[in-house]
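> no sequence for this one, just the structure:
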């Protein structure tokens, strides 16, 4: 299954968190500070003391303190006998972290960050990061999300990514989702952020950084275009 269909939907479905009673974390939940051993040749990167580093793609992510790491479970959910998640040639969830365990009931949106890598060859005809939003929109809108902002350029440091914003009403709450995409080394890298407000999403995005790159000529505003809905 493509990451666009599994990782994003897993995050969206697991982040409802709108039951009336506040639940407690499962005793089996692993602290985010736990280091995941990774092969040196893998594209997976590593998580240590709340910081995820991926030297292969040249980026890092600072995970909010106390969040729960569910990367392994998401990788297992995305793998099968023919497409193991540990095969770097296949779609792979690189990082999947949650403000609280996905099964923990709460009265607020369970903020989520999912980072995934997917072979460009999985999408014939895909030439730019923006092209990836066509299948992404198909998946998320089928689950009731609305497009808030069509794809636009979004700089992270000196790196230009493509971004699209979505929302979905969940009872009295609104789930906000933003996905950032960049093409790198034959892969589509997608960074999906889910939270209870646009401001919270932007705060989560601030944890992402790339290795030093030259800033392109000309500047691009981080301000999205006027909100639009399909």
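Structure's in. What do you need? Just so you know, these numbers come straight off a predicted model, no measurement behind them.

> drop to CA atoms for contacts and neighbour counts, all remaining ones
Fine.

> Let me see the contact set for residue 165.
Counting by Cα atoms under 8 Å, 6 or more residues apart in numbering, residue 165 makes contact with 147, 148, 149, 150, 151, 176, 177, 178, 179.

> one more time with 7 Å
The neighbourhood of residue 165, defined by Cα atoms under 7 Å, 6 or more residues apart in numbering, consists of 147, 148, 149, 150, 177, 178, 179.

> For residue 149, see how far away it is.
Distance from residue 165 to residue 149, counting by Cα to Cα, to the nearest Å: 5 Å.

> And for residue 161?
Going from residue 161 to residue 149 by Cα to Cα gives 15 Å.

> shaky segments in this structure?
1-42, 77-90, 212-230 (pLDDT under 70).

> how about a cut-off of 50?
Applying pLDDT under 50 to the chain flags the ranges 1, 5-7, 9, 12-29, 32-41, 79-89, 214-221, 229-230.

> residue ranges for the strands of it, please.
According to DSSP state E, the chain carries its strands in the segments 46-48, 51-54, 59-62, 68-69, 92-98, 112-119, 146-156, 159-170, 173-184, 187-195, 208-210.

> Residue 137: which of these is closest?
strand 146-156 (7.8 Å; Cα to Cα).

> helices and strands around the closest one, which ones?
Under the contact criterion of 3 or more Cα pairs under 7 Å, 6 or more residues apart in numbering; DSSP states H and E, strand 146-156 touches strand 159-170.

> Any buried residues in the strand it packs on, and which?
Neighbour counts using 16 or more other Cα atoms under 10 Å place 159, 160, 161, 162, 163, 164, 165, 166, 167, 168 of strand 159-170 among the buried residues.
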